[in-house]
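K.L.:
Got a sequence here, can you build the structure:
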Amino acid sequence: MTSKKGYIYAELDVTDSDYFNREYAPRVEPVLKKFDARFLVSGGSPEVREGERRVKRVVLLEFPSPELAQEFYDSREYQEVIAYRLKSARTHLYLLEGTEHGGAAVLQ
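P.N.:
Residues are numbered from 1 along each chain as shown. As a prediction, the model looks like this:
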């Protein structure tokens, strides 16, 4: 396994907060714990400085590795709870791989 971290970044527009908090959140929390996910960001009112997007809420999850982030997303447990999120929020979701040494270089 690599020493890189894995991340899931999501932009959410929660359309039914009662349903999201009652049905999705309690179901996803134990799955996140099983895959050692850690919330780095979970909040509303992001300040968009560039681009035309209107983002209402951002979530950034950290996993011990990119492989574990992928395993989480593809897991049967998570796939069983996605419908609750989709019913209560519009989402853009990304799987990301961290860098080993930092920096802004683009590797080919």
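
K.L.:
Check which residues of the longest helix along the chain are buried.
P.N.:
Determined from DSSP state H, the single longest helix within the chain is helix 76-88. Buried residues in helix 76-88, counting neighbours by 16 or more other C-beta atoms under 10 Å, are found at 78, 81, 84, 85, 88. Just so you know, the C-beta spots here come from the backbone N, C-alpha and C atoms, and that holds for glycine as well.

K.L.:
mean confidence for that helix?
P.N.:
Taken as a whole, helix 76-88 has a mean pLDDT of 97.

K.L.:
Work out the gap between the helix or strand of the chain with the lowest mean pLDDT and the centre of the chain.
P.N.:
In the chain, the helix or strand scored least confidently by mean pLDDT, DSSP states H and E is strand 38-44, which has a mean of 93. Strand 38-44 sits 9 Å away from the centroid of its parent chain (C-alpha atoms, centre = their mean, to the nearest Å).
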